[in-house]
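> I would like to see how this sequence folds:
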Amino acid sequence: MPLYPSSAVDAQAAARYAGVQADTVRQWRRRGLIAPCGGTQRRPLYRLDAIDHVLETRR
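The predicted structure follows:
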């Protein structure tokens, strides 16, 4: 369970949180595994609970 389930972060912060590269987070978006919850088109924001869900399903 995430520390802050409703927190929204950019791809860099999401990558640090997940222990992956920022490009991996961007690939998850292109593959439809996560969707932005805000931000801009150039700098979308992602929910940490969505990142947790991807990590749980990939294990």
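> Let me know the distance separating the closest residue to Pro44 other than its chain neighbours from Arg42.
Closest residue to Pro44 in three dimensions, ignoring its sequence neighbours and counting by CB to CB, 6 or more residues apart in numbering: Pro36, at 3.4 Å. All C-beta atoms are positioned from the backbone trio N, CA, C, and that covers glycine. Per CB to CB, to the nearest Å, Pro36 is found 11 Å from Arg42.
> Pro44 and Gln21, how far apart?
Where Gln21 is concerned, Pro44 sits at a distance of 16 Å (CB to CB).
> In contact with the residue nearest to Pro44, which residues?
29, 44-46 (CB atoms under 8 Å, 6 or more residues apart in numbering).
> Quick check, Arg29 in contact with Pro44.
Yes. Applying CB atoms under 8 Å, one finds Arg29 in contact with Pro44, separated by 7.2 Å.
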